[in-house]
Each structure stands twice: as C-alpha cells, then as structure tokens.
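A.B. asks: Below are the sequence and a predicted model for it; my questions follow.
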Amino acid sequence: MRLRPTQLDVTDLDEAAAFLRDCEEVMLTSHVNSDGDGIGGCLALAGLLRKLGKSPSIVLQDVPAHAYAFLADFDDIIQATTPAARTFDRVIVLDCPQIERIGTATESVAEDAAVLNLDHHVDNQRFGDVNVASDEVCSTCELVYHIAAHMELEIEADTAEQLYAGIIFDTGNFRYSLTTPISMEVAAELVRCGARLDHIADRLYNNSTLGSVKLVGRAIESLQLYCDARFAILHLTNQDMQLGDPEAAVNYGLMVGGVEVTALLKEEQPGKFRISLRSRETVDVSALAHGFGGGGHARAAGCRLEGTAEEVRHLLQEAVGKALP
Ligand SMILES: [Mn+2]
C-alpha cells in the first residue's frame, strides 16, 4: 500500500524530491534539545539519503537524549562544535518553525547554502529555498514518510522504527488532536514495514531513571489548582531537579476533571524555570508560550521564565486566566 499525501502540496513534494536527488554531501539538523520527532526524522531521512547514494551528516546543537539510543544509526549523530568543524552548502532543517531554532548548528551552514525546510509547526516561517511546511501532518516524521512515498522509496524496518518513534512522540501515542486518520494509516504502514510498536513504546516510555520516576510522585504532590480549578500547576524545585527530569509529569495535571490547562514548572537553575504547558481542548497553549518567548503546538508547548516561584506562578495564572473561555 502506498498512502497518497493528499493533504500536502504536490509541487512542494516534487521540489523536495528534486532537492534530495540533487544533493551529495548534505547536513540534516533539527531544533535545540531535539525531541523524538526531530531525532527520528533526521535518522530516517539520513538512511533514505544513504540508499540514494548520498552522504548525509546529522549535526545537532545538543547531544540527544539517551532514550533514543535504541534507534538505528543513533551513534552517527554529530554534536555541533564552535567553531564548526566544516560547513555544508546543502542543509535540511527538520521540525523547526524558524531556522534560528537550530542553535549553534547554524555555524555548520555555509553562507550561501541551499536549505530544505521540512516542518509541521503552524507558525513555520518558510525560511528554506524549498519548503514543505504543513500543520496538516502530525509530525515531521509523518512528512518524511509522505516524501519517501512520493519518491517511491522503499522503507526498511530501521527507517520505519525511526519514523514511528517520532509519530508516537508528537501525537502522545495518537491521543493529541493533531493526530489525523492519515497519521494513523501512516503508522499502520510503518508497522507493516517492520516497526516493532511494542519495542519502540517500551524503549521510549519505560526507560527512565529511578530518580525521574520518583520525581513524578513529587510533582503530583506539588499539584495546585488555580483559575476556578481549571488551571493546574505542578512544580519541581531546583533541589528536585538534581534527581532527574520527568517531562511526562506535566500530563498528570490534565487527569483532574475540569482542568483545561496544566503547567509543569521545572526550576533548572535557581530562579530559572523551564515551563511545559498542556491543554485539553479550549486553550491554545502555543499562543500562551509565544507570549513568553516560547513556542510549540496548540495542545503542547513550552517556554522559559525567570523570577521567584511565586512570580512565575502569578504570570502564568494571569495569562491562563485571560486565555480561558
Ligand atoms: Mn514535531
């Protein structure tokens, strides 16, 4: 079965295919603190390019999380150096609304480089020479699948697992509203291509440290409700953060009936908070995060804030209060 990417512009897909066929030595990159979608997408596209006889290099600002080390070719990922070891005149940017989001990997991009922009953020700035940017796909990994299908490339098991990992990461296991019937059909096709769905879910979700698992308990203990019990805040202090980094803890706020928005405050350094935001149906948390210099998607976003815990809580409470219907 070949799924047709009916929701994507065919001219864009043709241009992306031409870019991939024309390049030789090409750099692939994604946003700082790359997530499952960016890492899976880079690994999968690099594998597809190698089969086309190309020489792809994945260059990321940050060392990717060890949780993704089970994906094939993970060890090929290069951490960007300052100054750059070399520059590339062909660059593919995955999962970034703005090119600035690649951080120090920018230094590896030659000044006159041709850029292919593959993304699904609603606010993508179409910064590439070729752009396939659509928020109709659930993830950049789904987009890479559609490009591969458009080019009639064979998807082998390793590639299928890399793409599947990105899709379940970005859709929260097909639960978030950006999941479409086509996303699910793509995922089904990837399983047919050899993606072991149980193995991937196990590696992604049952792979925390003891400290991080225990911290989920501490985050739940900290849960407080605001805005007439429609906004939940979980808070991990700087001392807590020495034990681990339980990203998934944010979701527990939404388990309380009636809560529309939840925020996890992680005090990474004293007075410096990394905020994860999730919402149920009514509030666009990406707009909220933008207001604080962050970004993301309508139902999952993030930003950074500085101040005392009380100040940060107050800022968020005020913004969420205004955003609630
Ligand atoms: Mn993504």
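C.D. replies: Nice, I can see it.

A.B. asks: count of residues packed around whichever residue of the stretch 201-325 of the chain sits closest to the ion?
C.D. replies: In the stretch 201-325 of the chain, the residue that lies nearest the ion is residue 297 (7.8 Å; Cβ to the ion). Where C-beta positions appear, they are placed from N, C-alpha and C, glycine not excepted. As a burial measure, residue 297 scores 24 neighbours (other Cβ atoms under 10 Å).

A.B. asks: Distance check, it against residue 278.
C.D. replies: 10 Å (Cβ to Cβ, to the nearest Å).

A.B. asks: Between the two, which contacts overlap?
C.D. replies: Residues touching both residue 297 and residue 278 (Cβ atoms under 8 Å, 6 or more residues apart in numbering) are residue 285.

A.B. asks: Which single residue in the stretch 151-300 of the chain comes nearest to the ion?
C.D. replies: Closest point on the stretch 151-300 of the chain to the ion, by Cβ to the ion, is residue 170, at 4.6 Å.

A.B. asks: State the pLDDT value of that residue.
C.D. replies: Looking at residue 170, its pLDDT is 93.

A.B. asks: With residue 248 instead?
C.D. replies: Residue 248 is given a pLDDT of 82.

A.B. asks: now the helices for the stretch 1-150 of the chain?
C.D. replies: 10-22, 36-51, 140-150 (DSSP state H, counting those that start in this stretch).

A.B. asks: so which of those helices comes closest to the ion?
C.D. replies: helix 36-51 (3.4 Å).

A.B. asks: what helices or strands is the closest one leaning on?
C.D. replies: strand 25-30, strand 55-60, strand 88-94, helix 140-150, helix 157-171 (3 or more Cβ pairs under 8 Å, 6 or more residues apart in numbering; DSSP states H and E).

A.B. asks: Mean neighbour count and distance to residue 236 for these - can I get that in TSV?
C.D. replies: As requested, these are exported to TSV (neighbours: other Cβ atoms under 10 Å; distance: least, Cβ to Cβ, whole Å):
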stretch	mean neighbour count	distance to residue 236
strand 25-30	25	26
strand 55-60	22	26
strand 88-94	24	30
helix 140-150	27	29
helix 157-171	26	21
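
A.B. asks: Cheers, nothing more for now.
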